[in-house]
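K.L.:
Compute the structure for the input listed below.
(2 chains, ligands or ions: 2)
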Protein chains: 2
Amino acid sequence: MIDIQDRIRNKTLLDRIVTAEEAAAIIKPNMNVGTSGFTPAGYPKAVPMALAERISKEHFQINLWTGASVGQELDGSLAAVNGIARRMPYQTNGDLRKSLNSGKVNYFDLHLSESAQLTRYGFFGGKVDVAIVEACAITEEGHLIPTTSMGNTASYVQSADIVIVEINTSQPLALEGMHDVYVPLDPPHRQPIPIVKVDDRIGTPYIPCGLDKIKYIVPCDIPDDVRDFAPIDDNSKTMSELAIEFFKHEIKAGRLPKDLLPLQSGVGSVANAVISGFVDSDFKNLEVYTEVIQDGMLDLADAGKLKFASGTSFSPSPDGQKRLYANIDKYRSKMMLRPQEIANSPEIARRIGIIAMNTAIEFDIYGHVNSTHIMGSKMMNGIGGSGDFARNAYLTLFFSTSVAKGGLISSVVPMCSHIDHTEHDVDVFITERGLADVRGLSPRERARVIIEKCAHPDYQPMLTDYLDRAEKATKFAHTPHLLDEALSWHARFLQTGTMKK
Amino acid sequence: MIDIQDRIRNKTLLDRIVTAEEAAAIIKPNMNVGTSGFTPAGYPKAVPMALAERISKEHFQINLWTGASVGQELDGSLAAVNGIARRMPYQTNGDLRKSLNSGKVNYFDLHLSESAQLTRYGFFGGKVDVAIVEACAITEEGHLIPTTSMGNTASYVQSADIVIVEINTSQPLALEGMHDVYVPLDPPHRQPIPIVKVDDRIGTPYIPCGLDKIKYIVPCDIPDDVRDFAPIDDNSKTMSELAIEFFKHEIKAGRLPKDLLPLQSGVGSVANAVISGFVDSDFKNLEVYTEVIQDGMLDLADAGKLKFASGTSFSPSPDGQKRLYANIDKYRSKMMLRPQEIANSPEIARRIGIIAMNTAIEFDIYGHVNSTHIMGSKMMNGIGGSGDFARNAYLTLFFSTSVAKGGLISSVVPMCSHIDHTEHDVDVFITERGLADVRGLSPRERARVIIEKCAHPDYQPMLTDYLDRAEKATKFAHTPHLLDEALSWHARFLQTGTMKK
Ligand SMILES: CC(C)(COP(=O)(O)OP(=O)(O)OC[C@H]1O[C@@H](n2cnc3c(N)ncnc32)[C@H](O)[C@@H]1OP(=O)(O)O)[C@@H](O)C(=O)NCCC(=O)NCCS
Ligand SMILES: CC(C)(COP(=O)(O)OP(=O)(O)OC[C@H]1O[C@@H](n2cnc3c(N)ncnc32)[C@H](O)[C@@H]1OP(=O)(O)O)[C@@H](O)C(=O)NCCC(=O)NCCS
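P.N.:
Ligands and ions are numbered 1, 2, ... in the order given. As a prediction, this is how the structure comes out:
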């Protein structure tokens, strides 16, 4: 058995060490199970696999609440045995995605900043029955030292009747001290969240739990299921350059301070590439207030350009993970993980004035953004924190390549097939073709700029034609649309395999 | 001339009293003009009318920034002479609405909580050139006592080079002391907004201005252009009852405290009716944190059920206005006006946990809301503060009658023709047919509940048929849509005058 004894500092807890199977046995059908984990980092692995094994024989379902996406050992193995009835708030796992796009799982896709409080409020049907938490160690007092993510763990532990702790020896103990745990009181008792600078420390370095709540402790040594990013291609590089050029222009115009404002950068390859672009820029003293700390942030730190990064999870590539683990002592003075309720807090985002940079699946000529659905119906991942940041940022940028699927799809469309961010929320759109700054523009003005700067030349004439005809048909209404044509590009793609005529 | 001498407490200012025409003469073409005013209350009247008169002869345009909608004397008279190039952030005036739906005015529709900060950030092309402010009085130090609204006035005055003050003698001096003026610093210097209770006082009772900035003072006695509400009909009454019943149910379930949480209630007749419904309920000690204080709030106060109401404007009916003016001393201990940046602050809404109740034009089976556009293209009013509140509330409710135009339009549709609030933002939908509580439900579950509880029987079979076929066609994708049919109801209405087949 994996030796975790030295990670359990209160020796009275030692007799609660059990196998994953024993721990999983306590979970009953239809329970609300809240776990640690955020973007394949810091989620429990052994107990979920044992639970899936049990479900494959006993055939029941649970409701699974996490921080965000989790790895194959949790989402994948439970989806494979049809063990999830309800899932929230975010996912990226292939098996699970198939299940929720075929009527097997009821997925509730919500703003990540709200997921903890809505469970505390009891809005999802009961509280957390069992919390399963990956930890580096348990303190003398029975408090939990988190691993590579904070997510909703502190809140789930607070609400849960029963806590199962997975001590993961693949997670270095040196992570201790990099977390800042703060769970706000609920209305009408909530107080201001006292963060005014990205590195303000407002909580404890551990998750308050206590000896009594810990039911079982399970040893584990499976590492986080981190994934490689796509190599940084020319399109990503161009988008990154466009963003940096724009920021310089804003500084000149007096609309941004010279070291910028705290950066937020979304999940995925494009977001990672954009941040990497800063490494070769002449920006210094950059601050980051974001969800996920990916390789790009490590690059920034290594290049001496990072003043401080606050996030809720470390989700590097396999190489990045090695780099992080090998140099924690270097990174610890520059990085901190907070609960996602704080990392994604609208209050903080607006106060400190973050610059929000997220990736869209598609956006339309009037400035609406689809972050979640392929052709209006199929869920990709979820809105994640993009809404928390886009709505409340100082500046909101969305990135996308101008086309997808080798040009068969235009990512700039007459009308989005699903809308996650409205025209009221976005300042700047960037594709590899250019940058559209739509601040203060009316919808018709926005449309001209977005088509000119962002759309692919193959689709520009079609978009302009749509706009011209819509303006004429509606006599220049505020937002001209031809309702029997607005979604015809998507319908055509579904029928013919291309948006082109 | 109207006597305003006793309202100008610093006598060195007396020689700045001029006619409206003289004051209007200082405004140059293409200037950014920021005015007081929020939902026909507390906006300048004399100078705008003189400006419109001048524009009718000299033919030029200005950009008009207000708090929200303003009266005929400002929006109406300037629109009539084609004097507005750009307009933000909200409007309800018939003439202006025509102009912005015919390509004459570029209207930028944004979240009301953001309008002040985005002008301070310089995102709309320059700062405020001239601020025109209606005031009750000017203090010894040259500070301004606002009238019936706070809106963005304090921020516009702070940013403006030149301030024109309209002293309006129709506005009772007794309003003094009912305002709480606080303009936050901008990032990276912003601090927490220190409100934790609806009646917390955090600023000054006047708008800081100073003697130097005041260029002209203009007398005026034109009252606010307030409008009657539609009489409270059976539909509104039913919706109000459904909401109150729901709140009682939530209290029983332990999900709301017994005196509820601070109520926010939107603009218009339905919203007013909902609040009025509380008068006959057995709720006591109600708190309100909202934008507009309409007649319903006065009713609540008169019935002894209001603990405190914080808003950004008084916009009662003509009768309500009389009642307010005649009893200010009674209302002053229970009501306060704040800048809309504070009244609509996401930070405060989430902290104190407001209950947001707003009206939709239409919503769709998956829970998206259209607050602004008629048939996807024509702007009605604007998003106003609905997004500030809906996104950050403890509980978010949207109201609409199930049909419009005597049944020719279903307000519950397969897909909204415009989306202002996404599926991620709404907890409860209410029509006169019933209440759909969609918390924690997947889109397909939501659709069944919304159709069953909220749709009109004439349209229920059509909606169910759409959903059934969409599920089949997409093989039960997360959000099943038939993209060539999703907007066909609206297209049909435009072609045939009815959504019915
Ligand atoms: C939008 C999002 C899916 C993009 O991720 P990414 O890794 O940068 O994007 P990719 O270009 O690899 O696209 C992902 C897939 O969508 C497809 N796609 C992209 N644009 C498309 C479009 N307009 N229409 C249809 N499919 C499209 C791609 O082809 C790819 O499909 P594949 O998996 O079959 O190859 C991702 O950023 C996301 O989930 N965002 C929502 C959550 C969020 O923003 N979180 C950050 C807050 S901190
Ligand atoms: C949505 C809104 C327009 C409803 O206002 P209201 O006075 O309660 O609504 P009404 O029922 O009188 O409807 C207004 C008009 O829209 C029309 N309408 C209503 N539903 C419609 C629909 N589904 N399709 C087309 N037209 C519709 C009505 O027929 C009416 O038209 P008319 O002026 O030609 O008679 C109003 O609440 C608004 O502007 N909201 C956005 C801003 C907001 O929510 N602010 C509050 C934040 S504090």
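K.L.:
Around chain B, which positions in the stretch 301-450 of chain A sit nearby?
P.N.:
A:346-347, A:350-353, A:368, A:373, A:375-379, A:383, A:387, A:391-392, A:394, A:417-424, A:427, A:439-442, A:444-445 (Cβ under 8 Å from any Cβ of the partner chain). In this view, the C-beta of every residue, glycine as well, is placed from N, C-alpha and C.
K.L.:
so what's residue A:195 up against?
P.N.:
A:202, A:342, A:348, A:351-352 (Cβ atoms under 8 Å, 6 or more residues apart in numbering or on different chains).
K.L.:
closest to residue A:329 among the residues you listed?
P.N.:
residue A:202 (23.3 Å; Cβ to Cβ).
K.L.:
Now do the closest residue in space to that closest one that isn't next to it in sequence: how many residues are near it, please.
P.N.:
Among residues not flanking residue A:202 along the chain, residue A:182 sits closest, at 4.9 Å (Cβ to Cβ, 6 or more residues apart in numbering or on different chains). Close neighbours of residue A:182, defined as other Cβ atoms under 10 Å in any protein chain shown, add up to 17.
K.L.:
Tell me which stretches of the stretch 51-200 of chain A form helices.
P.N.:
For the stretch 51-200 of chain A, applying DSSP state H, counting those that start in this stretch gives helices covering A:77-80, A:94-100, A:112-120, A:153-159.
K.L.:
is it true that residue A:194 touches residue A:203?
P.N.:
No - using Cβ atoms under 8 Å, residue A:194 is not in contact with residue A:203; the gap is 10.0 Å.
K.L.:
between the two, who's got more neighbours?
P.N.:
With other Cβ under 10 Å as the criterion, residue A:194 and residue A:203 differ in neighbour count, and residue A:203 comes out ahead with 17 against 12.
K.L.:
and that one, what does it touch?
P.N.:
Taking Cβ under 8 Å, 6+ apart as the test, what residue A:203 contacts is A:180-183, A:338.
K.L.:
Out of these, who's the most crowded?
P.N.:
Top of the contacts of residue A:203 by neighbour count (other Cβ under 10 Å): residue A:338, with 30 neighbours.
K.L.:
hang on, that residue packs against residue A:311?
P.N.:
Yes - contact criterion Cβ under 8 Å: residue A:338 and residue A:311 qualify, at 7.4 Å.
K.L.:
what about stretch A:351-368 and ligand 1, touching?
P.N.:
Yes - with Cβ under 6 Å from any ligand atom as the criterion, ligand 1 is reached by stretch A:351-368 at A:358-362.
K.L.:
can you put those in TSV and add pLDDT, distance to residue B:315 and secondary structure?
P.N.:
Converted to TSV, those look like this (pLDDT from 0 to 100; distance: Cβ to Cβ, whole Å; DSSP: H, G, I helix; E, B strand; the rest coil):
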residue	pLDDT	distance to residue B:315	secondary structure
A:358	97	37	strand
A:359	96	41	strand
A:360	97	38	coil
A:361	98	40	coil
A:362	98	39	strand
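K.L.:
of those residues, buried ones?
P.N.:
A:358-362 (16 or more other Cβ atoms under 10 Å in any protein chain shown).
K.L.:
can you pull the buried residues of the helix or strand harbouring residue A:451?
P.N.:
Assessed by DSSP states H and E, residue A:451 sits inside helix A:443-454. Neighbour-count burial for helix A:443-454, counted by 16+ other Cβ under 10 Å, picks out A:443-444, A:446-447, A:449-451, A:453-454.
K.L.:
Please write out the alpha-carbon positions of that helix in PDB.
P.N.:
Written as PDB, here are the backbone C-alpha positions of helix A:443-454 (Å, rounded to 0.1, in the frame of the first residue of the first chain):
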ATOM      1  CA  PRO A 443     -25.000  47.100 -33.800                       C
ATOM      2  CA  ARG A 444     -24.900  48.200 -37.400                       C
ATOM      3  CA  GLU A 445     -21.500  49.900 -37.000                       C
ATOM      4  CA  ARG A 446     -20.200  46.900 -35.100                       C
ATOM      5  CA  ALA A 447     -21.300  44.600 -37.900                       C
ATOM      6  CA  ARG A 448     -19.300  46.500 -40.500                       C
ATOM      7  CA  VAL A 449     -16.200  46.500 -38.400                       C
ATOM      8  CA  ILE A 450     -16.400  42.900 -37.400                       C
ATOM      9  CA  ILE A 451     -16.900  41.700 -41.000                       C
ATOM     10  CA  GLU A 452     -14.100  43.900 -42.300                       C
ATOM     11  CA  LYS A 453     -11.500  43.100 -39.600                       C
ATOM     12  CA  CYS A 454     -12.300  39.600 -38.400                       C
END
